[in-house]
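*Asks:* coordinates for the following, if possible.
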Amino acid sequence: MADEGEILRVSCPVADMRAEPAAAAGLDTQALFGEEVVIVGQLGAWIRGRSCLDGYEGWIPAADLHTRRVIPTHRVAARATLLFPRPDIKAPPLARLPLGARVRAVEADVRMHGTGREGLRLETGGYAIADHFTPLDEAEKDWVGVAERCMGAPYLWGGRSSDGLDCSGLVQLAVQAGGRDCPRDTGPQSAWAVPFDGGAGLRRGDLVFWTGHVGIMLDETRLLHANAHHMAVAAEPLAEAVARIVAAGGGEPTLYGRLPG
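*Replies:* Residues are numbered from 1 along each chain as shown. Have a look, this model is predicted:
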């Protein structure tokens, strides 16, 4: 058993962090492959971990974590990528890694058979297409473009991976790819964002908050958000989203905000 205070890394593509140590418990958030969590408690086959990225706590199956000290060098920049057992895209994949997953590459410029593209060999085993990754220390210049890569991803309460997202998970995943820290939930995100008068003119990257919901402006009129109406990450005119949410009893936007700094 690991000790409290020990730092572990996620060893599966997406580790669910649940409200209780049970598979049927509600999903609070997720940690991605290669991310670190600190042990704050244990119960049987479950570990209560605190994310080193945002401080969020939840119960994770111990089998989804490992103690091996692998320092990541790259993160997945594509919506998802496949991990192969050898440098051959015709080999049965080992895993599907989502956007934002972190890996350590120990060999670059590997020729991937079956394609003219180069690959990476990972320390934890496996090969992946090199241009699906970016160095971990290089921030995305257009963080909104990262969110757009998730268009069509299914809506998932508590989801924080490109295989399933909630509204604040989409914002956090994209902002983090842009090299900034970002809270996990809409309440802390609305307190973190710099408020402004929404009537003063919206622009790409502005955030629109309702009670319990947030979306990202793609331009002055269109909103991108993970939402339960479309059950997906979808773009639509802000005016249509506001009208629908008001009609459903959710009210007008409570805050317009921009990223700090």
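*Asks:* so what does the most centrally placed residue in the chain look like in phi/psi?
*Replies:* By CA atoms, centre = their mean, the mean C-alpha position of the chain lies nearest to residue 173, the distance being 3.7 Å. Main-chain torsions, residue 173, degrees, to the nearest 10: phi -60, psi -40.
*Asks:* for residue 166, see how far away it is.
*Replies:* 10 Å (CB to CB, to the nearest Å). Where C-beta positions appear, they are placed from N, C-alpha and C, glycine not excepted.
*Asks:* repeat that for residue 24.
*Replies:* Applying CB to CB to residue 24 and residue 166 gives a distance of 19 Å.
*Asks:* who's more crowded, the two?
*Replies:* Neighbour comparison, residue 24 and residue 166: the larger count goes to residue 166, with 27 against 6 (by other CB atoms under 10 Å).
*Asks:* who's in contact with the more buried one?
*Replies:* 155-160, 226 (CB atoms under 8 Å, 6 or more residues apart in numbering).
*Asks:* local confidence estimate at it?
*Replies:* Looking at residue 166, its pLDDT stands at 98.
*Asks:* cool, and the one 3 residues further on?
*Replies:* The predicted local distance difference test score for residue 169 is 98.
*Asks:* can you verify my assumption that it contacts residue 155?
*Replies:* No. Counting by CB atoms under 8 Å, residue 169 sits too far from residue 155 to count as a contact (9.8 Å).
*Asks:* what do the two both touch?
*Replies:* Joint contacts of residue 169 and residue 155 (CB under 8 Å, 6+ apart) are residue 226.
*Asks:* can you give me the buried ones in stretch 11-19?
*Replies:* 11-18 (16 or more other CB atoms under 10 Å).
*Asks:* got the phi/psi numbers for residue 204?
*Replies:* Residue torsions, per degrees, to the nearest 10, at residue 204 are phi -60, psi 130.
*Asks:* how many neighbours does it have?
*Replies:* By other CB under 10 Å, neighbour count at residue 204 equals 13.
*Asks:* secondary structure added to the contacts of residue 166, as JSON lines?
*Replies:* Output for those, formatted as JSON lines (DSSP: H, G, I helix; E, B strand; the rest coil):
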{"residue": "155", "secondary structure": "strand"}
{"residue": "156", "secondary structure": "coil"}
{"residue": "157", "secondary structure": "coil"}
{"residue": "158", "secondary structure": "coil"}
{"residue": "159", "secondary structure": "coil"}
{"residue": "160", "secondary structure": "strand"}
{"residue": "226", "secondary structure": "strand"}
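*Asks:* would you reformat those as TSV and include distance to residue 146?
*Replies:* Shown next, in TSV, are these (distance: CB to CB, whole Å):
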residue	distance to residue 146
155	18
156	18
157	21
158	20
159	16
160	13
226	13
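*Asks:* residue 119: which of these is nearest?
*Replies:* residue 160 (26.7 Å; CB to CB).
*Asks:* ok, what's across the strand from that closest one?
*Replies:* residue 165 (DSSP bridges).
*Asks:* wait, what's in contact with it?
*Replies:* Contacts of residue 160 (CB under 8 Å, 6+ apart): 29-32, 166, 169, 172-173, 184.
*Asks:* can you flag which of the residues you listed belong to helices?
*Replies:* If you go by DSSP state H, those have 169, 172-173 in helices.
*Asks:* list the contacts of residue 255.
*Replies:* 190, 193, 195, 207-209.
*Asks:* repeat that for residue 126.
*Replies:* Per CB under 8 Å, 6+ apart, neighbours of residue 126: 83-85, 94-95.
*Asks:* now list the buried members of those.
*Replies:* Buried among the contacts of residue 126 (16+ other CB under 10 Å): 83-84, 94-95.
*Asks:* low-scoring pLDDT stretches of the stretch 151-261 of the chain, where are they?
*Replies:* Scanning the stretch 151-261 of the chain for pLDDT under 70 picks out nothing.
*Asks:* try 90 this time
*Replies:* For the stretch 151-261 of the chain, applying pLDDT under 90 flags the ranges 198-201, 261.
*Asks:* residue ranges of the helices in it, please?
*Replies:* Shown for the stretch 151-261 of the chain, the helices assigned by DSSP state H, counting those that start in this stretch span residues 167-177, 186-192, 238-247.
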